[in-house]
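**Student:** Provide a 3D model corresponding to the input given below.
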Amino acid sequence: MIMRFYFSLIFLLLAACGDQSQHLALGTLERERIAQTATTNEVIVALPVAAGTTVSKGTLLVQLDDTLQKARVDKANAEVVQARANLEKLQHGARTEELAAARARVAGARAALLESQAHHARIRDLQRDKLASQADFDKARATRDSNQASLQSAQEALLVLTNGAREEDLRAAEATLNATIAVLKSETRRLSDLSIVATRDGILDNLPWNLGERVTIGSPLAIVLAGKAPFARVYVPEPYRVKLKIGDTLVVHVDGIEKPVQGQLRWISNEPAFTPYYAMNQEERSRLMYLAEVQLPDSEQALPNGVPAQVELP
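**Tutor:** Okay, the predicted model is just below:
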């Protein structure tokens, strides 16, 4: 409805201005509106730039509370350090001290086995001569078997240290490290999202939230009117559409400024704003309008939005 009303108003203005207005495309000065939205529901702790200020790309506009997110980043960073250390431990293998201790355990287990074997042999001879009971013999045999198992266990532990980690363990440790690094990157990105910065040069048009308020996810925190100079958004009558192409230099008249401004056509619609041409006769088609945008030079950056503008048509 608003677009139709705007179109009707333009048409009436064209009709009222006579033949001279037929060579003009009417509209207003505009800038692209960039909405910086919230990615979390945190409290606003700083608004360092006032609305209406000219800002450059990277300027901090809104700061949300990042205390909790910093803790999450610290935790993720600690997990990365732990995973990396575990991987390096598997890659480097056992230390000299660990190997020495393992060899000592093997030697001790072997000595204990030799002693238990000798004791078992003595008890066996005594038991054969009826000088030792069956219980003593069974106990000596159990001690020998236990020491044999201890020796095998110590030897296997030494092999684990000397042979190094298995390929499967290395891949698992590397995968764990990569997963923790990914989590750290994600948490770091969430932390940076709490500092709302300008993504383009422009003018800070509006700050919808106040200091100390808790924002909602997806709500706009800062509105930036991008670009140094505005562009004229105008409606081109149908007879002039075929005469225009992207890059054409056009003369723009801005209300309140006596000297016209040279602008460049940066975009023009390929379709009429309203009723399609094939539903109209020749006279009605001449009333169709094509939306177009004419970029003004950077020297006109002081011009405000919403001012009426007229573009001379070839």
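**Student:** C-terminal to the helix or strand harbouring K89, what's the next element?
**Tutor:** K89 is part of helix 67-92 when elements are defined by DSSP states H and E. As assigned by DSSP H and E, the chain's next helix or strand after helix 67-92 is helix 96-128.
**Student:** name the residues of that following helix that are buried.
**Tutor:** For helix 96-128, burial by neighbour count (16 or more other CB atoms under 10 Å) applies to 102, 105-106, 109-110, 112-113, 116, 119-120, 123, 127. All C-beta spots, glycine's among them, are computed from the backbone N, C-alpha and C.
**Student:** now, which of those residues sits nearest G212?
**Tutor:** A102 (62.3 Å; CB to CB).
**Student:** chain neighbours aside, what residue packs nearest to the closest one?
**Tutor:** Nearest non-adjacent residue to A102, counting by CB to CB, 6 or more residues apart in numbering: L158, 4.3 Å away.
**Student:** am I right that that neighbour sits in a helix?
**Tutor:** Yes. Applying DSSP: H, G, I helix; E, B strand; the rest coil, one finds L158 inside a helix.
**Student:** returning to what we had before: so which bits of the helix holding K89 are buried?
**Tutor:** 69, 72-73, 76-77, 79-80, 83-84, 86-87, 90.
**Student:** other SSEs contacting that helix?
**Tutor:** helix 167-193 (3 or more CB pairs under 8 Å, 6 or more residues apart in numbering; DSSP states H and E).
**Student:** residue contacts, the closest residue to S146 other than its chain neighbours?
**Tutor:** Distance criterion CB to CB, 6+ apart; nearest residue to S146, sequence neighbours excluded, is S116 at 7.7 Å. For S116, the contact set (CB atoms under 8 Å, 6 or more residues apart in numbering) comprises 140, 143-144, 146-147.
**Student:** pull out the buried members of those residues.
**Tutor:** Buried among the contacts of S116 by 16+ other CB under 10 Å: 140, 143-144, 147.
**Student:** the closest residue in space to V234 that isn't next to it in sequence: which element?
**Tutor:** In space, and not counting its chain neighbours, V234 is closest to G27: 3.2 Å by CB to CB, 6+ apart. Element membership for G27, per DSSP H and E: strand 24-37.
**Student:** give me the contacts around the helix or strand just after that strand.
**Tutor:** Of the helices and strands lying after strand 24-37 in sequence (DSSP H and E), the nearest is strand 44-46. Residues outside strand 44-46 that contact it (CB under 8 Å, 6+ apart): 60, 62-65, 209-215, 221.
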